[in-house]
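A.B. asks: Quick one: sequence and predicted model below, then my questions.
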Amino acid sequence: MRILAVGDIVGRVGLQKLKDVLPKIVSENKIDFVIVNGENAADGMGLTEKMYKEILALNVNCVTMGNHTWGKKEIFNFIDHKNIVRPANYSANNPGKGFDIYECKGKHIAVINLIGRTTMPILSENPFTVAKEIIEEIKHAVDIIVIDFHAEATAEKIALSYYLDGEATVIYGTHTHVQTADETILEKGTGYITDIGMTGPKKSVIGMDVEASIKRFETSLPEKYKIADGKAKFNSCMFEIDDVTNKVKNITRINA
């Protein structure tokens, strides 16, 4: 089983890059299951229904979200769809779901979305305990558990990986838009990487226009962010899982 996790889609330029390269990457690497983080697709903040449908049209199995889940009001029209999950540790009365279970090549794959709390201005429940509760609920019904941990702090992500080592099959980070080079298989078998990066404008400050970003830091004034233009990059990570043990046996960063 080969699972591809694609880093945060940033803006229309990021979505177009996904369209340009994903089919070829899936074909060349014999990918079985694709997860895309889409929470920055609509102008960097949220996801529209049109964009969501464009992503699914690329044979993407699951779209995960993050701190900009509610960035576009129309999210309420499709947040309950089978192929989208939002952070599971949002308040329990929020619409949508924090995980779902999918079938692929005879395997049952759970995708869980979590959001961090360290330096993240979002009210949420404890991602550690929420993850434990979900895993306890579903572990006998699934073969593979994949977690997209949308978090700012590397320490929080790394701590979660050790906390759930051997319980989750794969844990990868999103949100910082900078791909890390620390992919590893932990002692009890969980495949981990701190952040899988972004799919969006290459010449940018994590997807945003360079000049607007510099002005914010230079003047400390609230300059409005805007998505950068130009060429895009594609960041992703492939997790190869043994069909017998359901453990990760190889991790490969795939970029274009």
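C.D. replies: Yep, that arrived.
A.B. asks: Let me see the contact set for the residue lying closest to Arg117 once chain neighbours are set aside.
C.D. replies: Residue nearest to Arg117 in three dimensions, not counting chain neighbours: Ser124, with 6.0 Å by C-beta to C-beta, 6 or more residues apart in numbering. C-beta coordinates here come from the backbone N, C-alpha and C atoms, glycine included. Applying C-beta atoms under 8 Å, 6 or more residues apart in numbering, we find Ser124 in contact with Pro87, Asn89, Tyr90, Ser91, Ile115, Arg117.
A.B. asks: same deal with Ile79?
C.D. replies: Ile79 touches Thr69, Arg86, Pro95, Gly96, counting by C-beta under 8 Å, 6+ apart.
A.B. asks: Make sure the last one is actually in contact with Asn77.
C.D. replies: No. Applying C-beta atoms under 8 Å, one finds Gly96 not in contact with Asn77, separated by 11.4 Å.
A.B. asks: in the protein, which spans are helices?
C.D. replies: 11-28, 49-56, 127-138, 154-163, 210-219 (DSSP state H).
A.B. asks: Dump these to TSV, plus distance to Leu186.
C.D. replies: Formatted as TSV, the helices of the chain follow (distance: least, C-beta to C-beta, whole Å):
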stretch	distance to Leu186
helix 11-28	26
helix 49-56	30
helix 127-138	15
helix 154-163	6
helix 210-219	35
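A.B. asks: Redo these as JSON lines? Include mean pLDDT.
C.D. replies: JSON lines is the format used below for these (pLDDT from 0 to 100):
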{"stretch": "helix 11-28", "mean pLDDT": "98"}
{"stretch": "helix 49-56", "mean pLDDT": "98"}
{"stretch": "helix 127-138", "mean pLDDT": "98"}
{"stretch": "helix 154-163", "mean pLDDT": "98"}
{"stretch": "helix 210-219", "mean pLDDT": "91"}
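A.B. asks: And Lys30, how close does it get to Ala5?
C.D. replies: Distance, Lys30 to Ala5, using C-beta to C-beta, to the nearest Å: 16 Å.
A.B. asks: Among those two, which residue is more densely surrounded?
C.D. replies: Ala5 (26 against 9; other C-beta atoms under 10 Å).
A.B. asks: got a list of what the more buried one touches?
C.D. replies: Taking C-beta under 8 Å, 6+ apart, one finds Ile35, Val36, Asn37, Val146, Asp148, Val170, Tyr172, Ile196, Ser236, Cys237, Met238, Phe239 in contact with Ala5.
A.B. asks: could you measure the closest residue in space to Asn29 that isn't next to it in sequence against Gly166, distance?
C.D. replies: With C-beta to C-beta, 6+ apart as the criterion, Asn29 has its nearest non-adjacent residue at 6.0 Å, and that residue is Met238. Plainly put, Met238 is 21 Å away from Gly166 if you go by C-beta to C-beta.
A.B. asks: which one of these two has more residues nearby?
C.D. replies: Taking other C-beta under 10 Å, Met238 and Gly166 do not tie; Met238 has more neighbours (20 against 12).
A.B. asks: pretty sure that one contacts Leu4?
C.D. replies: Yes. Counting by C-beta under 8 Å, Met238 touches Leu4, with 5.1 Å between them.
A.B. asks: Identify the contacts common to the two.
C.D. replies: With C-beta under 8 Å, 6+ apart as the test, Met238 and Leu4 both reach Asn29, Ile31, Ile254.
A.B. asks: Which of those fall in strands?
C.D. replies: Secondary structure from DSSP state E places Ile254 of those in strands.
A.B. asks: could the shared contacts of Met238 and Leu4 go into TSV alongside pLDDT?
C.D. replies: What follows is those, written out as TSV (pLDDT from 0 to 100):
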residue	pLDDT
Asn29	98
Ile31	98
Ile254	98
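A.B. asks: Which one (most neighbours) among the shared contacts of Met238 and Leu4?
C.D. replies: Busiest of the shared contacts of Met238 and Leu4 [other C-beta under 10 Å] is Ile31, holding 20 neighbours.
A.B. asks: How about that one, nearest residue that isn't a chain neighbour?
C.D. replies: Leu4 is the one closest to Ile31 (C-beta to C-beta, 6+ apart), at 4.6 Å.
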